[in-house]
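# Structure for this input, please:
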Amino acid sequence: MIELIEQNAVLQGFIDKWLAVQPQQRIALAFVDGRRYPGHVALAALEQELLGAAYGIREPQVAVAKLGWWAEELAGAAASGGRHPLSQVLFDDERAHMITSEVWLAPVLAAMSQLEQGTAADFAGQIDAAMPLHGALAALETAWWYGANASCEHAARVAVLNHLLYALLRLDSDAERDRLPLPMARLARHGLDRTQLRGSSEARQQAIKAQLEDLLASWSASAKLAGPLSVFRALESRHANKLAQRAVRSGDALATLQAGQPRTGLATALQAWQAARAWQRQRG
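Next up, the predicted model:
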């Protein structure tokens, strides 16, 4: 019994890390019950673990080591049941065994290949650069929620846009990294260099708003793409889209992004309910 309690506490720790990044998902959990759908929640926590390794670790060799461990874990979990608490939950579900090893490994391999990626030339280049990792995560998630035949085109695009918005709100703290949240063409157009990204200026404000306008246009266009969204992906995307809309209209776009928006209340609950209804309809 003590061992089971300890295992549950460790598992909850990984879920809490995901919820710390996306606190609005606590409301979604009212519609995706973790007791009935533990793998759905574990998969979201696994995605956060992989993204944390891909973007949150400053030393590439440390990130490679962590991602290499995950590659080994996911490659063998179908046979062994897994060593990590998240993979143990996932591979205890028949869904995991209906997804090919290539789909499980694709996000890890994509994360490793993009670790030393530099700043993209333009906005389209940012989308292209982020797509291998976030598209692979979307493909895995869509297969888990809806089956291997469901299109992940829509999920992949909004996953990339969510990532680019999150990267933008870290603009000042990530100004020294090789991969900047603003593409080179936008920096040049507004006369900005790396050192100027850390301080507020009219040029930086205009560059951020231009980036937000491109993101919002891409969000609007993504609605025409094929494929369903998981409840968590739909809520994340709607939350990020609304935040981008608030920021582009504000006097200080970056401060608005960093402040975020309320994660509770009727609007968020309604969005989560709508996403859950769409999920249940898609499942038939």
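
# buried ones in the lengthiest helix in the chain?
Assignment by DSSP state H gives helix 123-146 as the longest helix of the chain. Neighbour-count burial for helix 123-146, with 16 or more other Cβ atoms under 10 Å as criterion, is recorded at 123, 126-127, 129-146. All C-beta spots, glycine's among them, are computed from the backbone N, C-alpha and C.

# Next secondary structure element downstream of that helix?
helix 153-169 (DSSP states H and E).

# From the contact counts, what lies against whichever helix or strand comes after that next one?
Remark: after helix 153-169, the chain's next helix or strand is helix 184-189, criterion DSSP H and E. Packing contacts for helix 184-189, counted by 3 or more Cβ pairs under 8 Å, 6 or more residues apart in numbering; DSSP states H and E, involve helix 202-222.

# After the helix it packs on, which helix or strand is next?
Following helix 202-222 in sequence, per DSSP H and E, is helix 231-249.

# Only alpha carbons, please: show that next one as CSV.
The C-alpha coordinates for helix 231-249 follow below in CSV (Å, rounded to 0.1, in the frame of the first residue of the first chain):
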residue,chain,number,x,y,z
VAL,A,231,-10.0,18.6,-25.2
PHE,A,232,-6.7,19.8,-23.8
ARG,A,233,-5.4,21.0,-27.2
ALA,A,234,-8.6,22.9,-28.0
LEU,A,235,-8.7,24.6,-24.6
GLU,A,236,-5.0,25.5,-24.8
SER,A,237,-5.5,27.0,-28.3
ARG,A,238,-8.5,29.0,-27.4
HIS,A,239,-6.8,30.3,-24.3
ALA,A,240,-3.7,31.3,-26.3
ASN,A,241,-5.7,32.8,-29.1
LYS,A,242,-7.7,35.0,-26.7
LEU,A,243,-4.5,36.1,-24.9
ALA,A,244,-3.0,37.1,-28.3
GLN,A,245,-6.1,39.1,-29.1
ARG,A,246,-5.8,41.0,-25.8
ALA,A,247,-2.1,41.6,-26.2
VAL,A,248,-2.3,42.9,-29.8
ARG,A,249,-4.8,45.6,-28.6
